[in-house]
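Undergrad: how would this look folded up:
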Amino acid sequence: MANPKDVAVFVGSLRTESFTRKVALALGKIAPPALKLSIVEIGHLAPYNQDLDTNPPAEWVALKERIKKADAILFITPEYNRSVPGFLKNVIDIASRPYGHSAWDGKPAAIISVSPGAIGGFGANHHLRQSLVFLNMPTMTQPEAYIGGAANLVDDRGELTVPSTKEFLGKFLDAFDRWIDRNQPPK
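TA: Residues are numbered from 1 along each chain as shown. Model prediction:
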């Protein structure tokens, strides 16, 4: 069997008990053997400032290297004010700059939005998709993943508790595995 695909996972919520982080961690338990999901921490990153493009902070350089090393990117985000959280947008900006030197370029991607509400972060999911189009990231279109009712999805052991959601997310990850195969940029 080939080495599993390295999927860098970006969680949009920084909160310790974040529903989004709990779902991200639970995904790691149900991912097919072909995928290795690894959360990339973003809370320590300084805000993007174009003045630093010529001499970027070490953590920006490390972030861009991590993204370049990854076979694919999975964004898991809550919805804040019908959009993505500021720290997630900051990561997008840091790794895409300076113009013409984006670490995101050509990386296969997928998005899962998570919300305690019924519409599952639809606004955040679609705002993020707009950025990924500009960044030239082939983003999986189907199945779409808007995960509502997040407060009751993961138990104290980190296991998904709703069988239909677990089954759906398993199928989502299988589809993402196939998407990565079809959209790998040449090395």
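Undergrad: top helix in this protein by residue count?
TA: Longest helix in the chain by number of residues, with DSSP state H as the criterion: helix 163-183.
Undergrad: In which helix or strand does Ala73 reside?
TA: Heads up, residue 73 is Ile, not Ala. Here Ile73 sits within strand 72-77, counting by DSSP states H and E.
Undergrad: Next SSE downstream of that strand?
TA: Beyond strand 72-77 on the C-terminal side, the first helix or strand identified by DSSP H and E is helix 86-96.
Undergrad: And the contacts of that next one?
TA: For helix 86-96, contacts defined as Cβ atoms under 8 Å, 6 or more residues apart in numbering pick out 10, 12, 14, 42-43, 45, 47-48, 60, 63-64, 67, 75, 77, 80, 102-104, 128, 131, 135. (C-beta placed from N, C-alpha, C; glycine too.)
Undergrad: what's the answer for stretch 28-39, then?
TA: Contact partners of stretch 28-39, identified using Cβ under 8 Å, 6+ apart, comprise 1-2, 4-11, 21, 24-25, 27, 74, 158-160, 166, 169-170, 173-174, 176-177, 180.
Undergrad: got any ranges where this protein has weak pLDDT?
TA: Under the criterion of pLDDT under 70, the regions of the chain flagged as low confidence span 1, 186-187.
Undergrad: Next, name the residue at the spatial heart of this protein.
TA: Nearest to the mean C-alpha position of the chain, counting by Cα atoms, centre = their mean, stands Phe75 at 1.4 Å.
Undergrad: The closest residue to Val162 other than its chain neighbours: neighbour count?
TA: Taking Cβ to Cβ, 6 or more residues apart in numbering, and ignoring the residues beside it in sequence, Val162 has Leu153 as its nearest neighbour in space, at 5.8 Å. Counted with other Cβ atoms under 10 Å, the neighbours of Leu153 add up to 21.
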